[in-house]
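J.: with the input below, show me the fold.
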Amino acid sequence: MDIKSLQDISNLAKKYNAQLLPVIKDKKFEDIKELYDLGFREFGENRLEQLIDHKIKLDEAMYHYIAPLQSRKIEEVMDNCVAIHTLSRKKEALIINENYSNQKIFVQINIDNDPNKNGIKVEEVDKFFSMFEDLSFFPVGIMCIPSLENDSIISFSNMQKINQKIKNNYKYYKGELSMGMSEDYEIALDYGATIIRIGSKIFS
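T.: Residues are numbered from 1 along each chain as shown. Coordinates of the predicted model:
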């Protein structure tokens, strides 16, 4: 655990009124417990089985699901998580709608049109968000994982513009931005990130 990096990133996030979400995929339980003992209560997890195991051991911990969704597992994900960051298909939205109980839902956008990334295309955003007017929940924000080949400044700037447009179109949209990881979180904060998802930087 890199305590100095953890403190530095946490302090920076607070300056921006953003949340540091530690990503605990494949991390040792001892390291996760150390974060918990330092006061962290929300964690990002990619693996449902590990998430459930941690949930049993850490009573007050809450989990954000940050892996691609599988339709058959959505109900179980929702039973165990307070947030989902990776909604990208209408089918998933309908299953979430059937099982919704006040979780924070983010729509993943493939901001760089990267064939190796999940998420809706930028040109699909308007149509995709119009669907929620007929559902019992509305996403709180959008999420992205920029392509490694692209300039993250451009990616995050475009996310900020898309987010503002959604806010302008839907008065009940909260406008949260889940973006920025260990290598680019500072840039993400400059472009309005409200949640930064950090793993390797604090566990190195």
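
J.: who's in contact with residue 52?
T.: Residues in contact with residue 52 (Cβ atoms under 8 Å, 6 or more residues apart in numbering) are residue 80. Placement of C-beta: from N, CA and C, glycine included.

J.: please disregard the earlier target; I meant residue 128.
T.: Listed by Cβ under 8 Å, 6+ apart, the contact set of residue 128 reads 90, 107, 120.

J.: distance-wise, check it relative to residue 35.
T.: 34 Å (Cβ to Cβ, to the nearest Å).

J.: where does pLDDT dip in this protein?
T.: When residues are selected by pLDDT under 70, none of them lie in the chain.

J.: who wins on neighbours among the contacts of residue 128?
T.: The most crowded member of these, judged by other Cβ atoms under 10 Å, is residue 107 (27 neighbours).

J.: before we move on, the earlier item: just the contacts of residue 128: which are in strands?
T.: Among the contacts of residue 128, the residues falling in strands (DSSP state E) are residue 107.

J.: dump the contacts of residue 128 to TSV, plus distance to residue 12.
T.: TSV is the format used below for the contacts of residue 128 (distance: Cβ to Cβ, whole Å):
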residue	distance to residue 12
90	37
107	26
120	30
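
J.: spatially central residue for the chain, please.
T.: Among the residues of the chain, the one closest to the centroid is residue 85, at 3.8 Å (Cα atoms, centre = their mean).

J.: phi and psi next, for that one.
T.: When read as degrees, to the nearest 10, the backbone of residue 85 gives phi -100, psi 0.
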